[in-house]
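Chemist: compute the structure for the input listed below.
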Amino acid sequence: MGSGTLSTVERAFQILDLLWKLDGAGPTEIAERMDVPDSTVYDYLRSLCETEFVTRQKGSYRLTHHFLTIGGKMRYRNRLFQVAKGEMKRLATETDELVGLTIENEGKALVFHQEEGGQALNLGTYLGASTPIHTTAGGKAILANLPDERVANIVENGLESRTENTITDPGRLYEELERIQEEGFALDWDQQVVGMAMVAVPVVTEDQIASMTVVSPTNRLEREAYQEELVQKLREAANTVMINYRYGR
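Modeler: Residues are numbered from 1 along each chain as shown. This is a model prediction of the structure:
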């Protein structure tokens, strides 16, 4: 258990995490994975069932959709989401591509909102999905605008590889972030998923650093003229969002 934490709270969240990863489980399986007595796990599960977050079905314990309710409320209350969703929908219609809003969460890039155009890639992504922040243009656009100390901490935790094209060398990543700072946009090809490319621009407000992205098949985004077109459209959309965020009601 972490220093200064309540072990009961930490253990409860470990059980919730296992229920998510296992898509439901019984006390014995959880106890074996955590190396604790069955009776201890049962007591936790019984207590969790008294909340709205866990339910018991035919001897197996599962998470409820209450987490989705909480997540949906959090997103709806977020002012950036409220300001950005209209511009994103317009951009998706205009480009026919998949348009995303990415935020940083615990050193990872998290999908906060998406709008699909007519020829959008079907990647199976979902709201709340997270990836290593250095593996996508959306994440790198955020990294390039984070404080140096925060970036160093993320890099020191290791640069996980998702494909053979993922940047895993710290020196090369820092060079890429410097370029993004100079040019104001980020690109990637096949770094998160082979066949997928992404262009992103930062969306910086007084209390949050995010990015707006357009995702397309690699062969489309490799065309320089198309890149320039998308960068321009993204910049215009991001500027509108930032102005509305700052001055809108």
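Chemist: pull the distance from stretch 100-110 to the chain's centre.
Modeler: 4 Å (CA atoms, centre = their mean, to the nearest Å).
Chemist: contacts for it next, please.
Modeler: 80-81, 84, 88, 111-115, 128-133, 135-136, 138-139, 141-142, 146, 153-154, 157, 200, 203, 208-215 (CB atoms under 8 Å, 6 or more residues apart in numbering). In this view, the C-beta of every residue, glycine as well, is placed from N, C-alpha and C.
Chemist: quick one: which of the residues you listed sit in helices?
Modeler: 80-81, 84, 88, 138-139, 141-142, 153-154 (DSSP state H).
Chemist: the helix or strand containing A31 - contacts with which helices or strands?
Modeler: Secondary structure assigned from DSSP states H and E places A31 in helix 27-34. Packed against helix 27-34 by the contact rule (3 or more CB pairs under 8 Å, 6 or more residues apart in numbering; DSSP states H and E) you find helix 7-22, helix 38-49.
Chemist: give me whichever of the ones you listed is most buried.
Modeler: Comparing the helices and strands packed on helix 27-34 by mean neighbour count (mean count of other CB atoms under 10 Å), helix 38-49 ranks first with a mean of 16.
Chemist: what is the mean pLDDT for the very next helix or strand once past that helix?
Modeler: Using DSSP H and E, the helix or strand that follows helix 38-49 in sequence is strand 54-57. Averaged across strand 54-57, pLDDT comes to 92.
Chemist: list the contacts for S161?
Modeler: T168.
Chemist: pLDDT score assigned to it?
Modeler: So S161 comes in at 94 (pLDDT).
Chemist: so is it in a helix, a strand, or just coil?
Modeler: Here S161 is recorded as coil under DSSP: H, G, I helix; E, B strand; the rest coil.
Chemist: switch to numbering from 2
Modeler: Yep, numbering from 2; the last one is S162 now.
Chemist: quickly note the distance from it to T136.
Modeler: 8 Å (CB to CB, to the nearest Å).
Chemist: and what of Y43?
Modeler: Where T136 is concerned, Y43 sits at a distance of 40 Å (CB to CB).
Chemist: which parts of this protein belong to which domain?
Modeler: The chain breaks down by automatic domain parsing into domains covering 8-65, 71-248.
Chemist: which residues touch the residue nearest to D170 when sequence neighbours are not counted?
Modeler: The shortest distance from D170 to any non-neighbouring residue, by CB to CB, 6 or more residues apart in numbering, is to L160 (7.5 Å). Listed by CB under 8 Å, 6+ apart, the contact set of L160 reads 133, 135, 167-171, 174.
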